[in-house]
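Asks: Give me coordinates for this.
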Amino acid sequence: MGANSWYNYSMQKGREGTREAWRLIWGTYGRLKGWWAAMAFAATVGVSNTILMPIFSSLALGAMAVGDFAQAWRWVLAFAAASLAYSIAYSVGWFLAARAEHKGFRRLVNNYFRKLVRADIEYFADSKTGYLVAQARGFGDATLNLVRIMRRNLLRTVIAIVVPIVVILTQNLLIGVAIALLSLSMVFYTRWAAKKVQPARTEAREVLRENTGIISDIITNIVAIRASAREEAMAERMERRWDLEIKKFLQRHYVGIRLTTGRNLIGFVFFATSASLVVWQGSLGAISFTLAILIVQYLMTIAVACSNLNDDIDDMSEEINKIQPAAEFMLRENKINDKVGAVVLGKVRGEIELQKVAMNYEGSAVFSDLSLKIAAGEKLGVVGVSGAGKTTLVKLMMRFDDVDSGAVLIDGVDVREIKQDSLHLNTAYVPQEPLLMHDTIEANIRLSKPDAIEAEVAKAVKAAHLTEFVKTLPSGLQTIVGERGVKLSGGQKQRVAIARAVLQGAPIMILDEATSALDSESEAIIKDSFKEIFRGKTAVVVAHRLSTLRDMDRIIVVAGGKIVEEGSHLSLVRQDGIYAKMWRQQSEFE
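Replies: Sure, this is the predicted structure:
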């Protein structure tokens, strides 16, 4: 992509992201009852001293110039009283605004997190964890900072420009019009400059986003990195990434510096022209000494405000830049959604059926015209070589993905017609990689049923053969497992995940390579407990170790997106097909 093409792309991306971010902010804060009033009151009170001080000081100095010191004292005392009232009103305004801002913050972050936890599983697979964490935390902070900048800075700045111009216009039309036009030129230049900086700002944000994800990736895989002696390589990689981040940062600020030079020149013209007009009008007797003092002070107020406007817009752009990714995510449509009128499952028997299912992944067919019926209460084993579609089959049953054609039915109801929460509450799932939170063993087990009584938890622990292991721990079930269960072995993590599934008590259980990390002894123990765990339930067990499936009612062999063999363990061994070959190979190694 050429330089001009990249510039145009960055401009377009920056504008779209900015619009989306502002739409999200106004759609939330703008609808809050009393927010606009609180913002306006707080901003007006906050800038009132800046507006009133030049008036009182010019009147006091004017009185002193003609020797009326008594009047000068009265103006000083009036200003002191106004300052006291300002202090009280400022505290009230700050409280009202802060309360309104935090209501908006609460609404925004709650809506965002609800959207995040209901996002497609595919979204998390395609995104770096570190970036998602930074986005989730930074989004709320950035929105709060943005509205505070608007209240504390931008609105005050606008008032500090508009009110003095209006006052001057009422006293001297010529000077007022000249100052208004010069002020407008500074404001328009500032707005134009902000747009020119946006592409560089967008590029810098993308690099920061990528670096956050890379750091998370490195930390998550630190054991593999250390074991491969790749520490220095990772450090060098991040050194190059830091250099790129600094380069983009400096490019952005280089553009900003060039534009600031133009702003300073306009500021010089503004002050020189306005001051000359004041002196000229004074020499003609068109304005009094008191008014001249007021106008000069207001010139300083307007000049500083116009200069601050650039900083305010720059600060707001920084926060909008942080909000943009979350705003884009909030507008993202999930691939998997509950249909209008989706049903809640009643008493589930547990019959599962796939009817002529076709499924493609990244342009390649995983399934084509796949049909399968699992009777209620049946225990089905699923085997096949890597890439045969076993995990995809599980995803379709859980509706983590949707079929391209055909249907997946639970008790005769298409899963697309069922509320996802209802489907998942009735389907206990144990994935190949155990998913544990940075919490206690008990909390991880209770995730599937937080209100379970202690006896239910103990039963689940026993069923997963965790009891003896837990007894060896000083804190027992209250032992913290670490992030992603790092303090437990692979087999221990899988048993915690199995205990969680058992506690859920769902009529359907799906285990996707759930015994893959267990040693032979643990696997044998878990396999023996399947009879109790699966009692009265429909079970789908995906396994690479065929010994896990020996007691299943039926086993299917998946290859090339189709079921090529099915039957009991003994019947499949006798068929001397793919399953029998896999069985012999595993038996030789064992």
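
Asks: Tell me where the chain has strands.
Replies: For the chain, applying DSSP state E gives strands covering 352-361, 364-374, 379-383, 405-410, 413-414, 427-430, 508-512, 538-542, 554-559, 562-567.

Asks: how about those, which one is nearest Ala501?
Replies: Nearest to Ala501, of all these, is strand 427-430, at 3.9 Å by Cβ to Cβ. Every residue, glycine included, has its C-beta placed from N, CA and C.

Asks: That closest one pairs with which strands?
Replies: Next to strand 427-430 in the sheet, as set by DSSP bridges, lie strand 508-512 (parallel).

Asks: okay, the angle between the strand it pairs with and strand 405-410?
Replies: Using axes from the mean of the first three to the mean of the last three Cα atoms, to 10 degrees, one finds that strand 508-512 and strand 405-410 are set 120 degrees apart in direction.

Asks: What mean pLDDT does strand 508-512 get?
Replies: For strand 508-512, mean pLDDT rounds to 90.

Asks: And stretch 414-431, by the same measure?
Replies: Rounded mean pLDDT across stretch 414-431 is 90.

Asks: Compare the strands of the chain and give me the one nearest Ile336.
Replies: Ile336 sits nearest to strand 405-410 of all the strands of the chain, at 12.3 Å, using Cβ to Cβ.

Asks: Next, the buried residues of that closest one.
Replies: Gly406, Ala407, Val408, Leu409, Ile410 (16 or more other Cβ atoms under 10 Å).

Asks: Let me have the strands of the chain in a markdown table, extended by distance to Lys459.
Replies: As requested, the strands of the chain are exported to a markdown table (distance: least, Cβ to Cβ, whole Å):
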| stretch | distance to Lys459 |
| --- | --- |
| strand 352-361 | 26 |
| strand 364-374 | 26 |
| strand 379-383 | 20 |
| strand 405-410 | 26 |
| strand 413-414 | 30 |
| strand 427-430 | 14 |
| strand 508-512 | 15 |
| strand 538-542 | 18 |
| strand 554-559 | 28 |
| strand 562-567 | 33 |
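
Asks: of all the ones you listed, which lies closest to Thr212?
Replies: Of the strands of the chain, nearest to Thr212 by Cβ to Cβ is strand 352-361, at 28.1 Å.

Asks: Report the inter-axis angle for that closest one versus strand 508-512.
Replies: Using the same axes, to 10 degrees: strand 352-361 against strand 508-512 is 40 degrees.

Asks: Going by neighbour count, which residues in strand 352-361 are buried?
Replies: Ile352, Glu353, Leu354, Gln355, Val357, Met359.

Asks: Name the nearest of those residues relative to Tyr123.
Replies: Of all the buried residues of strand 352-361, Tyr123 sits closest to Met359, with 18.4 Å by Cβ to Cβ.

Asks: is it true that that closest one touches Thr391?
Replies: No: using Cβ atoms under 8 Å, Met359 is not in contact with Thr391; the gap is 11.7 Å.

Asks: who does the longest helix seen in the chain touch, helix- and strand-wise?
Replies: Determined from DSSP state H, the single longest helix within the chain is helix 231-283. Packed against helix 231-283, as judged by 3 or more Cβ pairs under 8 Å, 6 or more residues apart in numbering; DSSP states H and E, are the following elements: helix 173-220, helix 289-330.

Asks: quick revisit: between the strands of the chain, which one is nearest to Arg107?
Replies: Closest to Arg107 of the strands of the chain is strand 427-430 (Cβ to Cβ; 32.1 Å).

Asks: For that closest one, list every residue counted as buried.
Replies: Thr427, Ala428, Tyr429, Val430.
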